[in-house]
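**Q** Next come a sequence and a model predicted from it.
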Amino acid sequence: MEQNIFHLQYALDTFYFLVCGALVMWMAAGFSMLEAGLVRSKNTTEILTKNVALYAISCTMYLACGYELMYDGGYFLNNITMIDLEATLHQFGQREGGFTGDAIYSQASDFFFQVVFVATAMSIVSGAVAERMKLWAFLIFTAVLTAVIYPIEGSWTWGNNTVFGLYKLSELGFSDFAGSGVVHLAGASAALSGVLLLGARNGKYSANGKVNAIPGANLPLATLGTFILWMGWFGFNGGSVLKLSDIGNANTIAAVFVNTNAAAAGGALAALILAKTLFKKADLTMVLNGALAGLVAITAEPSTPSPLQATLFGALGGLLVIVSIIGLDRLRIDDPVGAISVHGVVGLFGLLIVPITNKVATFSGQIIGAVTIFAWVFIASYSVWLLLKVTMGIRVSEEEEYEGVDKSDCGLEAYPEFT
């Protein structure tokens with residue numbers, strides 16, 4: 001009887017993990033559509049190429065060494081699908097309370113769920129450096145981030161390793177349920193380091209300090225991308241519960257889905273109202289980023305807030321992202337899609353509000369964790385970007401930027417009949 005229960009629980013948890021991983025993988029399409037809609041038409045093919053290539057590179061590098069590094073040699077390629085059922089059955093049968101208190105799933109499903117998170121972190125970088133970065137410099141950086149930089153910081157949080165042998169973040173009261181810091185703040189930190197070295201797009205900022213708007217080419221595509229990301233986020237947050245096969249965790253998953261959706265709605269509405277107040281117009285791009293900001297804000301802890309609290313947290317994220325986008329422009333930090341604001345500034349906000357509803361977390365622990373993640377990813381990424389800059393260069397020529405990187409990098413135009 002116990003063995004039958006174990007097999008059923010194992011199958012349910014593994015299947016749920018895989019389905020949630022597939023939803024997160026679908027977010028790659030969301031990032032592709034969002035970024036393709038928010039860049040100019042002459043750079044569309046290149047941004048799509050980057051998103052397809054970064055996903056493939058992320059999966060390959062994390063498979064080759066990233067997962068091993070993040071989880072301290074959890075398993076190697078040859079036994080990725082192997083499990084000793086009898087040994088595992090005995091192990092879980094010895095635990096108090098039987099099987100119901102533990103997440104039991106295939107190690108292969110765990111790897112799959114983790115690898116799509118890595119690709120998500122790298123997708124954040126893609127939009128921030130759009131329209132002026134060399135394709136191959138970006139792809140080389142992708143390999144380094146997904147193989148080394150991200151796995152190391154992930155090992156300090158979800159992998160439970162010490163930070164350079166000094167301390168464990170979890171022991172300091174740090175908690176990040178689904179990755180506001182581990183994924184989103186990390187991706188934004190890497191993006192910021194690249195943007196600072198890369199510089200702004202030509203024509204974005206005038207000598208007199210004026211900020212010139214550079215509209216995206218396809219707002220319907222950007223809207224579609226946002227809805228794809230919104231849907232994929234249910235797998236992102238819901239899968240992070242790690243377990244489906246008992247009543248308690250099933251109820252937690254339902255709460256996570258409700259709160260994730262509520263936060264996104266709150267973020268979109270708050271951004272819409274603030275955009276109307278500040279600009280006298282209902283700015284669609286701000287509404288889209290507001291929805292994404294709400295999702296990022298709730299990601300650090302979607303299981304403990306009430307739905308109304310989740311809506312409020314999302315709304316605060318939606319307000320914060322507009323303020324951040326305006327502030328970064330005043331600092332002449334050019335981010336074509338608002339990725340640094342959405343994932344970095346709001347990711348930090350998401351970490352800081354965790355102790356409000358999760359009493360296990362502490363404000364000091366959240367601050368230390370956020371500073372640790374930012375410092376490591378920013379410094380390591382800046383070093384890699386700088387090395388690439390002095391060797392092969394990271395920025396396209398002025399002529400290539402003027403004509404669009406579609407021609408210079410890909411030799412194809414996304415909309416040739418309109419050229």
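**A** Sure thing, it's come through. Residues are numbered from 1 along each chain as shown.
**Q** From here on, just use CA atoms for contacts and neighbour counts.
**A** OK.
**Q** quick one: buried residues of the top helix by length along the chain?
**A** Among the segments of the chain that qualify as a helix by DSSP state H, the longest is helix 2-38. If you call a residue buried by 16 or more other CA atoms under 10 Å, then helix 2-38 has these buried ones: 6, 9-18, 20-38.
**Q** pretty sure Leu139 is touching Asn51, no?
**A** No. Taking contacts as CA atoms under 8 Å, Leu139 lies outside contact range of Asn51: 9.9 Å.
**Q** who's more crowded, these two?
**A** Taking neighbours as other CA atoms under 10 Å, Leu139 and Asn51 compare with Asn51 leading, 25 against 18.
**Q** Please, which helix or strand holds that one?
**A** Taking DSSP states H and E as the criterion, Asn51 maps to helix 44-61.
**Q** could you dump that helix to CSV, C-alpha only?
**A** Once non-C-alpha atoms are left out, helix 44-61 reads as follows in CSV (Å, rounded to 0.1, in the frame of the first residue of the first chain):
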residue,chain,number,x,y,z
THR,A,44,13.4,43.0,-35.0
THR,A,45,15.1,40.0,-36.6
GLU,A,46,18.2,40.4,-34.5
ILE,A,47,16.2,40.6,-31.2
LEU,A,48,14.3,37.4,-32.2
THR,A,49,17.6,35.7,-33.1
LYS,A,50,19.0,36.6,-29.7
ASN,A,51,16.0,35.2,-27.9
VAL,A,52,16.1,31.9,-29.7
ALA,A,53,19.9,31.6,-29.4
LEU,A,54,20.0,32.6,-25.7
TYR,A,55,17.4,29.9,-24.8
ALA,A,56,19.4,27.2,-26.6
ILE,A,57,22.7,28.4,-25.1
SER,A,58,21.2,28.6,-21.6
CYS,A,59,19.8,25.0,-21.8
THR,A,60,23.2,23.7,-23.1
MET,A,61,25.4,25.5,-20.6
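**Q** Can you give the distance of the helix or strand that it is followed by from its chain's centre?
**A** Next along the chain after helix 44-61, taking DSSP H and E as the criterion, comes helix 67-70. With CA atoms, centre = their mean, to the nearest Å as the basis, helix 67-70 stands 18 Å off its chain's centre.
**Q** Tell me which residues of helix 67-70 come out buried.
**A** Tyr67, Glu68, Leu69, Met70.
**Q** The last one touches Gly154, doesn't it?
**A** Yes. Applying CA under 8 Å, one finds Met70 in contact with Gly154, separated by 5.9 Å.
**Q** The strand or helix carrying Ala271 - contacts with which helices or strands?
**A** Counting by DSSP H and E, the element that carries Ala271 is helix 247-279. Identification of packing neighbours for helix 247-279 by 3 or more CA pairs under 8 Å, 6 or more residues apart in numbering; DSSP states H and E yields helix 219-238, helix 284-299, helix 307-330.
**Q** count of residues packed around the closest residue to Leu320 other than its chain neighbours?
**A** If the residues on either side of it in the chain are set aside, Leu320 comes closest to Val346, at 6.9 Å by CA to CA, 6 or more residues apart in numbering. Number of residues near Val346 (other CA under 10 Å) recorded here: 31.
**Q** Check which helices and strands the host helix or strand of Val346 sits against.
**A** Following DSSP H and E, one finds Val346 within helix 346-352. Applying 3+ CA pairs under 8 Å, 6+ apart, we find helix 346-352 packed against helix 284-299, helix 307-330, helix 363-391.
**Q** Which of these sits closest to Gly209?
**A** Gly209 sits nearest to helix 307-330 of all the helices and strands packed on helix 346-352, at 8.0 Å, using CA to CA.
**Q** chain center to that closest one, what's the gap?
**A** With CA atoms, centre = their mean, you get 17 Å for helix 307-330.
**Q** List the buried residues for that helix?
**A** 307, 309-322, 324-325, 329.
**Q** do stretch 128-142 as well
**A** In stretch 128-142, counting by 16+ other CA under 10 Å, buried: 128-135, 137-139, 141-142.
**Q** first vs last residue of it, how far apart are they?
**A** 14 Å (CA to CA, to the nearest Å).
**Q** Which secondary structure element of the protein has the lowest mean pLDDT?
**A** Here the helix or strand of the chain ranked lowest by mean pLDDT, DSSP states H and E is helix 85-93, holding a mean of 45.
**Q** Give me the mean pLDDT for the helix or strand that comes right after that one.
**A** Next helix or strand after helix 85-93 toward the C-terminus (DSSP H and E): helix 107-128. Averaged over helix 107-128, pLDDT sits at 94.
**Q** got it, and stretch 334-347?
**A** For stretch 334-347, the per-residue pLDDT averages 98.
**Q** Go ahead and name everything in contact with that stretch.
**A** Residues outside stretch 334-347 that contact it (CA atoms under 8 Å, 6 or more residues apart in numbering) are 35, 38-39, 124-125, 127-130, 180-181, 184-189, 191-192, 195, 199-201, 204, 289-290, 292-293, 296-297, 300, 317, 320-321, 324-325, 328.
**Q** Got a quick ChimeraX command for the buried subset of those residues?
**A** Buried members of the contacts of stretch 334-347 can be picked out in ChimeraX with the line below, counting by 16+ other CA under 10 Å:
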select :35,38,39,124,125,127,128,129,130,180,181,184,185,186,187,188,189,191,192,195,199,200,201,204,289,290,292,293,296,297,300,317,320,321,324,325
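**Q** quick one: Gly232 and Trp26 touch, right?
**A** Yes. Assessed by CA under 8 Å, Gly232 is found in contact with Trp26 at 6.1 Å.
**Q** Give me the pLDDT for the residue nearest to Gly347 when sequence neighbours are not counted.
**A** With CA to CA, 6+ apart as the criterion, Gly347 has its nearest non-adjacent residue at 4.7 Å, and that residue is Ser180. Reading off the confidence values, Ser180 has pLDDT 98.
**Q** ditto for the one 4 residues further on
**A** pLDDT, the model's per-residue confidence, is 98 for His184.
**Q** tell me the SS of it?
**A** Classification of His184 using DSSP: H, G, I helix; E, B strand; the rest coil returns helix.
**Q** give me every residue that touches it.
**A** Ala121, Ile124, Val296, His343, Gly344, Gly347.
**Q** Give me the below-cutoff pLDDT ranges for this structure.
**A** Along the chain, the parts satisfying pLDDT under 70 run over 1-3, 73-105, 419.
**Q** what helix or strand is Pro302 on?
**A** Taking DSSP H and E as the definition, Pro302 sits outside all helices and strands.
**Q** Quick check: it touching Asn259?
**A** Yes. Contact criterion CA under 8 Å: Pro302 and Asn259 qualify, at 6.0 Å.
**Q** Right, I'll call it a day here.
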